[in-house]
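Undergrad: the sequence and its predicted three-dimensional model are supplied below.
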Amino acid sequence: MLDIERHREMLRQCSIAAALDTVGERWSFLILRGAFNGLKHFEEFQSTLGIARNILSNRLTRLVEHEILKREPDPADRRRVAYLLTDKGRALLPVLIALRQWGEKWVSGVPGNPVLVDREGRRPVAPIAVRAADGRPLTLDELDWVDRSEVRDA
């Protein structure tokens, strides 16, 4: 039986809210999509996304402050700034892929373009799935939220 107070306290400690405060805004995700697709300069983001300059400036600043992107002088033109993904930013790739796959299945109903493929085999990436420690795909019915003190070490 679920202890409501204990469950409520565990949910207060969940990091989803903090993650959404960091990147959970439409333009931030579209900027990240652009960065994953090779965009590096303010002008590239602005013209590709059609985003207002002030909003783009604000979102890029926020992503840099959160160490998701870093600003560096462009080696090809030291007067320009390049926005590059950090390791923390690269770790968001599965999140963006999962969101895209969800949108293709449940919102648009059609596969998007461009298609994300494995460089070696040129085949589309597999659907993102929640997996057990041994690699088995899991459904929601096979999952429980528990207090960290109840987790077995691997």
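TA: In hand now; what should we look at?

Undergrad: only C-alpha atoms for contact and neighbour calcs from this point on.
TA: Fine.

Undergrad: since we're on Arg53, how many residues are nearby?
TA: Per other C-alpha atoms under 10 Å, the neighbour tally for Arg53 reads 14.

Undergrad: next up, the contacts around it.
TA: Residues in contact with Arg53 (C-alpha atoms under 8 Å, 6 or more residues apart in numbering) are Gln46.

Undergrad: and for Leu56?
TA: Shown in contact with Leu56 (C-alpha under 8 Å, 6+ apart): 27, 42, 45-46.

Undergrad: how far does the host helix or strand of it sit from the chain's center?
TA: Leu56 belongs to helix 53-65 when assigned by DSSP states H and E. Distance, stretch centre to chain centre, for helix 53-65: 16 Å (C-alpha atoms, centre = their mean, to the nearest Å).

Undergrad: now do the helix or strand following that helix: everything it contacts.
TA: Sequence order places strand 69-74 as the next helix or strand after helix 53-65, per DSSP H and E. Strand 69-74 has contacts (C-alpha under 8 Å, 6+ apart) with 60, 63-64, 79-86, 89.

Undergrad: okay, now the unreliable bits of the protein?
TA: Within the chain, the ranges that satisfy pLDDT under 70 run 1-2, 154.

Undergrad: need the helices for it, in chain order.
TA: Along the chain, counting by DSSP state H, helices occupy 4-12, 16-23, 26-36, 42-49, 53-65, 87-90, 93-103.
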